[in-house]
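Student: got a sequence here, can you model it:
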Amino acid sequence: MHDIKNKELIKSGSFINGYWLTTDKPSEQFKVINPATQVCLNSIHNAQKNDAETAVEAAAATFPSWTKLTAYERADHLTAWAKLITEHEQDLARLLTLEQGKPVAEALSEIRYGVSYLHWFSEEGKRSYGDIIPALSSQQKILVNKQAVGVVTSITPWNFPSAMLLRKVSVALAAGCTFVIKPAADTPLSALALAHLAKVAGLPDGIFNVVVSTESAEVGKVLTMHPKVNKFSFTGSTGVGKTLLAQCAEGVKKVSMELGGNAPLIVFESAEIDAAVNGLISNKFKNAGQICVAINRVFVHNSIASEFTKKVIEATKLIKSGNGLDSTTDIGPLITQQAVDKVSSLVSSAIEQGAEIAYQSELTLSNKDEAHDSLKADGFYPATVLTNVNNEMDIAQTEIFGPVISIMTFEDETEVVEQANATDAGLASYFYSQNMNQVWRVSDALQYGMVGINETALSNAAAPFGGIKESGSGREGSKYGLDDYLEIKYLCLGGIEQKS
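Tutor: Just a heads-up that it's a prediction; the model follows:
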């Protein structure tokens, strides 16, 4: 933390209605821990239910003035905020790596990715077009207008603590909504740093509020059930999402849900093998595999399975684990020891069920940047390649969220598409093929909200991010994402006198 140049970015409590909630009482604080070293980074005021209620009330009180601004005026605010984030991106990236663990180069990419949503929606908010519909009577005019839904609340995960916040708040504010967010308690520092920059950029008090707390259940109830909340947006696990969705149902809140995934990668016999290997490695080992769109199951055609697997192992051998602040690191720690235990349990279960470890790296950890803080090897999981996996194993039906590649083989296109679809999840899917007829058949047949074809990097502010089935509802990014934060109002204007 001492290398962060702008110390004002380091905050120790929630940001509500333009004020910071802090305390010196240890009993009212929780600690933020560096997952690589287990060193405490900061002690944070632990917000309670009443603090969340205050945040919602503040957002509701400021909504009328914010939504009355023109889209151009709101865009100016977002652009000013984006400019400040870019100016401080190096500090923000370091802070993100310290609390989350990912390599600092990935953290910097995350900051820039989040800023791209501020830029996108600052422009897209100006395109909230309505309609004029032909009326049945010459004395009527039928108009369709779009208006902001109102107060939006959100809960975001620890794996992308900056990007997930900016992806949600950018569209909400651009649409004319006000916003309350609860970031994950494991990674609150990035959210608070962004809140500081929002205040410096001149966003009006109460428009954007950040509630940091370990009291997830109680605060979650406020954010989903408070009568002044109009919409709730969540990114996280499917199980938690279902609970929050049920709470929203009581007040018939508008919701966006981006839940868990179980992404397949299918490598057909016509695929460019090197491209498929590179796509797999870059996707799977990003953020140590802790990504909802990470490839979970790899299906490879029998005719190329041996060559493909050999190249995957060769590429995996080059992956280095270590401190995210070390520029040579490819994989940082998993977020908690519980996360490590889960991945270890899934691999052990797969081996018991007949899978084989084709390769597993040794945890020789790099730590050039932070020699004074020793790494805790228990927080890391080695890059692993499993073969002889089948689609019925636990590891194939559970979101791994770790640096483990599970390889299966197939012979028939119809069969492998059926296996790829044999999951309750429907977020992202991928396949490699140079057969254009196959490209169209398979892309139509895969039951997922997003399909990567000869490509495993999907996220883009201009594209609609989201899933189907139990992976959620709604879309983030793109022109479609804006609609999720708007209500359609039908106006019927009668009594129009027609003069000859």
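Student: could you double-check that Thr54 sits in contact with Ile16?
Tutor: Yes - between Thr54 and Ile16 there is a contact under C-beta atoms under 8 Å: 5.7 Å. C-betas here are computed from N, CA, C, even on glycine.
Student: show me which of the two is the more surrounded one.
Tutor: A direct count of neighbours by other C-beta atoms under 10 Å for Thr54 and Ile16 places Ile16 higher, at 24 against 21.
Student: beta-bridge partners for the more buried one, please?
Tutor: On the basis of DSSP bridges, Ile16 is bridged to Tyr19.
Student: give the contact list for it.
Tutor: Residues near Ile16 by C-beta atoms under 8 Å, 6 or more residues apart in numbering: 51, 54-55, 58, 209-211.
Student: now with 6 Å?
Tutor: 54-55, 209 (C-beta atoms under 6 Å, 6 or more residues apart in numbering).
Student: restricted to strands, list the residues you listed.
Tutor: Asn209 (DSSP state E).
Student: Glu110: which of the contacts of Ile16 is nearest?
Tutor: Among the contacts of Ile16, Asn209 lies closest to Glu110 (C-beta to C-beta), at 22.1 Å.
Student: which residues does the helix or strand harbouring Asp444 contact?
Tutor: Following DSSP states H and E, one finds Asp444 within helix 436-445. With contacts defined as C-beta under 6 Å, 6+ apart, helix 436-445 is touched by 417, 431, 433, 451, 453.
Student: stretch 122-139 too?
Tutor: The contact list for stretch 122-139 (C-beta under 6 Å, 6+ apart) reads 71, 75, 78-79, 142-146, 174, 482, 496, 498.
Student: from those, which would you call buried?
Tutor: Neighbour counting by 16 or more other C-beta atoms under 10 Å classes 71, 75, 78, 142, 146, 174, 482 among those as buried.
Student: what's the farthest-apart pair in these?
Tutor: The most distant members of the buried ones among the contacts of stretch 122-139, if one measures by C-beta to C-beta, are Leu78 and Ile142, lying 32.5 Å apart.
Student: what is the neighbour count of the nearest residue in space to Gly241 that is not next to it in sequence?
Tutor: Once flanking residues are discounted, Gly241 sits nearest to Leu259: 4.4 Å by C-beta to C-beta, 6 or more residues apart in numbering. Residues near Leu259, counting by other C-beta under 10 Å, number 27.
Student: for the helix or strand hosting Leu98, the distance to its chain's centre please.
Tutor: Taking DSSP H and E as the criterion, Leu98 maps to helix 89-100. Distance, stretch centre to chain centre, for helix 89-100: 17 Å (C-alpha atoms, centre = their mean, to the nearest Å).
Student: using CSV, list the CA coordinates for the following helix or strand past it.
Tutor: As assigned by DSSP H and E, the chain's next helix or strand after helix 89-100 is helix 104-124. In CSV, the C-alpha atoms belonging to helix 104-124 read as follows (Å, rounded to 0.1, in the frame of the first residue of the first chain):
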residue,chain,number,x,y,z
VAL,A,104,-1.1,-6.2,-12.1
ALA,A,105,-1.2,-6.2,-15.9
GLU,A,106,-4.6,-7.9,-15.7
ALA,A,107,-5.7,-5.4,-13.0
LEU,A,108,-4.7,-2.5,-15.3
SER,A,109,-6.7,-4.1,-18.2
GLU,A,110,-9.6,-4.4,-15.8
ILE,A,111,-9.5,-0.7,-14.9
ARG,A,112,-9.4,0.2,-18.6
TYR,A,113,-12.2,-2.2,-19.4
GLY,A,114,-14.4,-0.6,-16.7
VAL,A,115,-13.7,2.9,-18.0
SER,A,116,-14.8,1.7,-21.5
TYR,A,117,-18.3,1.3,-20.1
LEU,A,118,-18.3,4.9,-18.7
HIS,A,119,-17.4,6.1,-22.2
TRP,A,120,-19.8,3.8,-24.0
PHE,A,121,-22.9,4.7,-21.9
SER,A,122,-22.1,8.4,-21.7
GLU,A,123,-22.8,8.3,-25.4
GLU,A,124,-25.5,5.6,-25.4
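Student: list the buried residues in the helix or strand that helix 104-124 is followed by.
Tutor: The element immediately downstream of helix 104-124 (helix or strand, assigned by DSSP H and E) is strand 131-133. Residues of strand 131-133 include none that count as buried (16+ other C-beta under 10 Å).
Student: element containing the residue most central in space within the chain, please.
Tutor: Closest residue to the average C-alpha location of the chain: Met164 at 4.5 Å, with C-alpha atoms, centre = their mean. Remark: Met164 resides in helix 163-175, with elements defined by DSSP H and E.
Student: next: Asn278.
Tutor: helix 273-284.
Student: same question, Ser154
Tutor: With DSSP H and E as the criterion, Ser154 is inside strand 151-155.
Student: re the thing from before, adding secondary structure, write the buried ones among the contacts of stretch 122-139 out as CSV.
Tutor: Putting those into CSV (DSSP: H, G, I helix; E, B strand; the rest coil) gives the following:
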residue, secondary structure
Ala71, helix
Ala75, helix
Leu78, helix
Ile142, strand
Lys146, strand
Ala174, helix
Leu482, helix
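Student: can you tell me which of those is nearest Lys376?
Tutor: Taking C-beta to C-beta as the measure, Leu78 is the one of the buried ones among the contacts of stretch 122-139 closest to Lys376, at 39.3 Å.
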